[in-house]
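Asks: Just a sequence and a predicted model for now, questions to come.
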Amino acid sequence: MAKRNMELVLKVGQAVGATGGYLSVWLLHTKKGVQSFLVERDEATLPGMTGPFRAFADALADLGRHPWHILVPLYLHKAFEYPVLKAVMNLGGESSLIRWQRKLRSEGGWWIPCKIGGRGPRNKLRAMDYYDRARFRSWEGEGKAAIADINRAIRSDPRLAIAYFARGDIKRSLGDAKGAIEDFTKGIRFNRKFVPAYVGRGNARRNLGDSKGALADFKKAINLDPKYAPAYIGMGMVRTQRDIQGAIKDFNNAIKLDPQSSEAYFGRGWAHAGKGETKRAISDFTKAIKLNPKHDLAYMLRGEAHGARCDSNKAIADFTMAIELGVPNAYGNRGAEFLKKGSYKKAVADFDKAIEIEPESAAAYLGRGQAHISMGDPDKAIGDLIQAERLDDSLASLAHPLRQDCSSIIFRRWAKGYRTAARLDGYNAAKRIIDFEYGIDATMKVVKEMVRKNIELVAISMSFAQLNQAADFTPIIAKQVYDAEASRCRYIVFFFDRGDITWILVDDLKEIDLADIVSSSQLRGSVMWQLRIRHPGEKQFSRGEHARLENAIIEDLRYDFSEDELSIEFERQPGALSVDLVSITREPF
């Protein structure tokens, strides 16, 4: 019976009795399934020194007649984990399978902390022992522990090419492509015909964007072994970026050589998706999933293909599977499909998760902003839209119109509340301000007109901010109250124009663009304006406050108007700063 037809399940050390040699327990696989358990008393005489046992426990009982000391770990396929553990737990004096598992793990991985029969000396592990344990730990997702074992294997045998290959493969799976390339190269140095090492190095180079180097490695692997399917898969993955038809040909070759390769179908599906052939892509992704039900990226890309075909239900199902299998990007994709379906709360929840995982995801902010708009919450939406533009200016064409819609909704809501509040107070607060600033007893008709024009001023300021794609203006809108004297804002900025008086409340003059407001007045034909800035409640200015305001005004206006176009004169009062603006050209700006 050839050794290559068996899979190692448990390796139990070296004999210290009279028989000597090396003993292992193997599991035989055939096309009909698991046939029997075998015990090898001596690897050197494998064909003549094996005997079948009806059950694994019987095999261990036979071993128990010899003075063995268990020195090496279980190398156990997941499918046989519980049967094997149950068979060996009695040797450790344990009756509970769960406690036995915990005991094994607490001892460091899959070491068996017990003796069979009499005592024996602890034997030094061979390089291949460390390599075998590393392979098992890699299967279990214990990448760092696996690398530690491979390092020990290399120290035991520095020319063990397969160990360098295995370490490179693990490093690549952990995201260390450069380290992987170094190890694959060392493996090739000790075995120039080691085809898997060329493929591994090609994949690592592909991860680093070195398409030329990757193709060279894949071609070398194919020259050495034209029937090695992974080489065609790797070459197809590289060519998908520039030569989709050539990539499909590579994947077809891989499928012919290995019809059970899920990666070959996945790659071909990816290539078809790149061509826009979503139906073919879905078919290939489905085959990949059938061959490997845990192929996370196949679910992810099939979900994208379903989404492209406007089948949100199937797309959501695939993205959900991708999430369960550990694909973090799938939250944003699923959120987008929920958004299409009108499931806005679910969309927001997914976008929240996507942003938590990747705070720089502009698409997630844009999607969440759209969902908030659809839910009637423009205040939350506008912040997300601004963030989306900040992170990715290519999204401005999508986000900016939505921002304008949000601002318009917020403005209309504010204007309605502003008018209603002023009306309920009998316009008394607005009248007090007008009377104080003009020194007159304004009629109610005049007061109503001024309140209307004040709303227009805010609208003009907001529209200019939107036109210039400036920062969000909605916080400024929230500060505007009809009773300015009772405001907690730092300044009231009054604008006097042809007998009209309007005002806006700010904490800093940088919150508004004075030049834009002046321009809007000049377009109506005015050649002289006056500004007056003071604190609500007529509080006195602090030392140096006049100078700071003057500098801010000059910086703002001189950016748009030269001294030949607009003159600026200041007049300081203890509790205010007056500014006279005169258009020298006496023409609209």
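Replies: Looks like it came in fine.

Asks: buried sites along the strand or helix carrying residue 419?
Replies: Residue 419 is located in helix 396-424, with elements delineated by DSSP states H and E. For helix 396-424, the neighbour count (16 or more other Cβ atoms under 10 Å) marks 398-400, 402-404, 406-407, 409-411, 414-415, 418-419, 422 as buried. All C-beta spots, glycine's among them, are computed from the backbone N, C-alpha and C.

Asks: so after that helix, what's the next helix or strand?
Replies: With elements assigned by DSSP H and E, the helix or strand that comes after helix 396-424 is helix 428-438.

Asks: how far is that next one from where the chain is centred?
Replies: Chain-centre distance of helix 428-438: 55 Å, with Cα atoms, centre = their mean, to the nearest Å.

Asks: How about stretch 198-218?
Replies: The answer for stretch 198-218 is 25 Å, by Cα atoms, centre = their mean.

Asks: Show which residues not belonging to that stretch make contact with it.
Replies: Residues outside stretch 198-218 that contact it (Cβ atoms under 8 Å, 6 or more residues apart in numbering): 165, 168-169, 172, 177-178, 180-181, 184-185, 188, 220-221, 224, 228, 230-232, 234-235, 237-239, 241-242.

Asks: Tell me the buried residues within those residues.
Replies: With burial judged by 16+ other Cβ under 10 Å, the buried subset of these is 165, 168-169, 172, 177, 180-181, 184, 188, 220-221, 228, 230-232, 234-235, 237-239.

Asks: Confirm that residue 264 sits in a helix.
Replies: Yes: secondary structure of residue 264, determined by DSSP: H, G, I helix; E, B strand; the rest coil: located in a helix.

Asks: Distance-wise, check the residue lying closest to residue 529 once chain neighbours are set aside relative to residue 179.
Replies: What sits nearest to residue 529 in space, not counting adjacent residues and going by Cβ to Cβ, 6 or more residues apart in numbering, is residue 581, at 4.3 Å. Applying Cβ to Cβ, to the nearest Å, the value for residue 581 to residue 179 is 66 Å.

Asks: more crowded one of the two?
Replies: Counted by other Cβ atoms under 10 Å, residue 581 and residue 179 do not tie: residue 581 has more neighbours, with 23 against 17.

Asks: For the more buried one, give its distance to residue 276.
Replies: Residue 581 is 59 Å from residue 276, where distance means Cβ to Cβ.

Asks: for residue 437, same thing?
Replies: From residue 437 to residue 276 the distance is 66 Å (Cβ to Cβ).

Asks: Looking at the two, which is more packed in?
Replies: residue 437 (16 against 10).

Asks: is it true that the more buried one touches residue 531?
Replies: No: Residue 437 is not in contact with residue 531 according to Cβ atoms under 8 Å; the separation is 11.9 Å.

Asks: Next, show the common contact partners of these two.
Replies: Common neighbours of residue 437 and residue 531 (Cβ under 8 Å, 6+ apart) are 494, 496.

Asks: which SS class is residue 223?
Replies: Applying three-state DSSP to residue 223 yields a three-state assignment of helix.

Asks: What about it, how many residues nearby?
Replies: Neighbours of residue 223 under the rule other Cβ under 10 Å: 11.

Asks: Numbering from 20 from now on, please.
Replies: Taking 20 as the first residue, the last one we looked at is residue 242.

Asks: And it, what's its pLDDT?
Replies: Listed pLDDT for residue 242 reads 93.

Asks: and if you look at residue 254?
Replies: Residue 254 carries a pLDDT value of 94.

Asks: how near is it to residue 264?
Replies: According to Cβ to Cβ, residue 254 and residue 264 sit 13 Å apart.

Asks: Which residue ranges of the stretch 420-569 of the chain form helices?
Replies: 447-457, 463-486, 493-498, 533-541, 564-579 (DSSP state H, counting those that start in this stretch).

Asks: For the closest residue to residue 553 other than its chain neighbours, which residues are in contact?
Replies: Among residues not flanking residue 553 along the chain, residue 595 sits closest, at 3.9 Å (Cβ to Cβ, 6+ apart). By Cβ under 8 Å, 6+ apart, the residues touching residue 595 are 551-553, 560.

Asks: Flag the shaky bits of the chain, pLDDT-wise.
Replies: Applying pLDDT under 70 to the chain flags residues 20-152, 154-159, 483-491, 540-547, 603-608.

Asks: And the helices in the stretch 220-369 of the chain?
Replies: Assigned by DSSP H, counting those that start in this stretch, the stretch 220-369 of the chain shows helices spanning 230-243, 248-258, 263-276, 281-293, 297-310, 315-327, 331-343, 349-360, 363-376.

Asks: Packed most tightly, which of the helices of the stretch 420-569 of the chain would that be?
Replies: Neighbour counts (mean count of other Cβ atoms under 10 Å) averaged over each of the helices of the stretch 420-569 of the chain peak at helix 533-541, with a mean of 20.
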